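In: Pasting the sequence and the predicted coordinates here, then a few questions.
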Amino acid sequence: MSVSRRSSGPLRASLGRMTTYTARPIDPSVLKELRSADDAGREMVPVTDEEGGAPLRCCLRRSAPGERIALVSYAPLRRWAAETDTDPGAYDEQGPVFIHAEECAGPAGDGHPFTNGHRTVRRYSAEGRILGGQLVEAAGDFDAAFRSALDDPAVALVHVRAVEYGCFLYEVRRD
Ligand SMILES: [Zn+2]
């Protein structure tokens, strides 16, 4: 899916700190739950996306006209915390994300999606606390922002979010 996965052997070692970080889509098992009831407890309402262009967090690409999608509420930190047995407390947030209304193939291809806008790389600690963030505007600056965040041992993961809307786009971890 990304340069880092394909080059996890000697090439990655030779690249050293030039590693490319992987954008993590919403996990298929979580998508299955969200398609039943979302993280706000609401039933999914599928729609046909007539115009296209919705940022899909399942496939990390924009929708094409005519695709069946749904806007659901998703709590990325709560989902991460459940995996890591952490309590994010008041830092828990949920917000709207577009996903395919039916089971889908997930991301295809390399690179960082949704780089055509103002983004913030928000840092979280292993306890699920916000440790600040960095504004990223140029598509070529994302890896440096991820490296800068994850080089800090206090940072466990980062969220990429849209600045104007505040929406969660995807997560990046150290692995
Ligand atoms: Zn999808």
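Out: That came through, no problem. Numbers count the residues shown, from 1 in each chain.

In: Give me the nearest residue to residue 113, chain neighbours excluded.
Out: Spatial nearest neighbour of residue 113, chain neighbours left out: residue 60 (4.2 Å); criterion: CB to CB, 6 or more residues apart in numbering. Heads up, the C-betas are built off the backbone N, CA and C, glycines and all.

In: Give me the pLDDT for the residue nearest to residue 118 when sequence neighbours are not counted.
Out: Closest residue to residue 118 in three dimensions, ignoring its sequence neighbours and counting by CB to CB, 6+ apart: residue 163, at 3.8 Å. We have a pLDDT of 95 for residue 163.

In: Just to check, residue 163 is in contact with residue 120?
Out: Yes - assessed by CB atoms under 8 Å, residue 163 is found in contact with residue 120 at 5.6 Å.

In: Compare these two (neighbour count), which wins?
Out: Using other CB atoms under 10 Å as the criterion, residue 163 and residue 120 rank with residue 120 on top: 19 against 14.

In: what's near enough to touch that one?
Out: Residues in contact with residue 120 (CB atoms under 8 Å, 6 or more residues apart in numbering) are 133, 134, 135, 136, 160, 161, 163.

In: Just those: which are in strands?
Out: When these are checked against strands (DSSP state E), the matches are 133, 134, 135, 136, 160, 161.

In: any idea how far the fourth one is from residue 24?
Out: So that's residue 136. According to CB to CB, to the nearest Å, residue 136 and residue 24 sit 17 Å apart.

In: How about the third one?
Out: Per CB to CB, residue 135 is found 21 Å from residue 24.

In: Give me the more crowded residue out of the two.
Out: Higher neighbour count among residue 135 and residue 24: residue 24, with 19 against 11, using other CB under 10 Å.

In: Verify the contact between that one and residue 170 for me.
Out: Yes - counting by CB under 8 Å, residue 24 touches residue 170, with 5.9 Å between them.

In: what's near enough to touch residue 67?
Out: Applying CB under 8 Å, 6+ apart, we find residue 67 in contact with 48, 49, 52, 100.

In: I'd like to know which of these is nearest to the ion.
Out: Of all those, residue 100 has the smallest distance to the ion: 3.5 Å, by CB to the ion.

In: Phi first, then psi, for residue 117.
Out: Residue 117 adopts backbone torsions of phi -180, psi 180, taken as degrees, to the nearest 10.
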